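> fold the following for me, if possible:
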Amino acid sequence: MKQEIDQGTSLMKYISNEFFRFVLVGILNTAATYIIYLLFLYLFNHNISYTIAYILGILIGYFLNSKITFRVELTLKKFIQFPLVYLIQYLINLVMLNVLIFNLDVDKRIAPLLVIIISIPITFILSKVILKR
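Numbers count the residues shown, from 1 in each chain. Predicted structure coming up:
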């Protein structure tokens, strides 16, 4: 019985540490991607700059989440699958955004912030499934 409790506590601590690292990596990735966007604005219009920054953000996210968050080996298969996290996240976020705005009457300026907060655990689980599989 005590061993089961200890294993459960260890598992929760491990998940918490992974989730904490995931959030920190997300903050770092967001900052890096934003800086990349700003730098490319000197060379291109906002659409091209955003696209380049978004793609580089996916690459940075793959690398940082593999090495720091989940501590797994980089592989071509995972690298190819990882952008699926962002596609799934986008679709889920779009649905949540519309539900919040149209069904729950949340202000459209506040709704995206709530969507981000709600989607963090979903993105964590999706990333973990792809990277640790």
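> ok, the nearest residue to residue 30 once chain neighbours are set aside - how many residues close by?
Leaving out its chain neighbours, the residue that sits closest to residue 30 by C-beta to C-beta, 6 or more residues apart in numbering is residue 57, at 7.7 Å. (Each C-beta comes from the backbone N, C-alpha and C, glycine too.) Close neighbours of residue 57, defined as other C-beta atoms under 10 Å, add up to 19.
> so which strand or helix has residue 79?
helix 76-81 (DSSP states H and E).
> elements contacting that helix?
In this structure, helix 76-81 packs against helix 111-132, with contacts taken as 3 or more C-beta pairs under 8 Å, 6 or more residues apart in numbering; DSSP states H and E.
> just checking, what packs against the helix it packs on?
So helix 111-132, by 3+ C-beta pairs under 8 Å, 6+ apart, packs with helix 2-40, helix 76-81, helix 83-98.
> spatially nearest residue to residue 34 (excluding sequence neighbours)?
residue 53 (7.4 Å).
> nearest residue to the middle of this structure?
residue 123 (4.9 Å; C-alpha atoms, centre = their mean).
> so that residue sits against residue 87, correct?
No: the pair residue 123 / residue 87 is not scored as a contact, 11.5 Å apart, by C-beta atoms under 8 Å.
> quick one on the thing from earlier: just the helices and strands packed on helix 111-132: most buried one?
Of the helices and strands packed on helix 111-132, the one with the most neighbours on average (mean count of other C-beta atoms under 10 Å) is helix 83-98, at a mean of 15.
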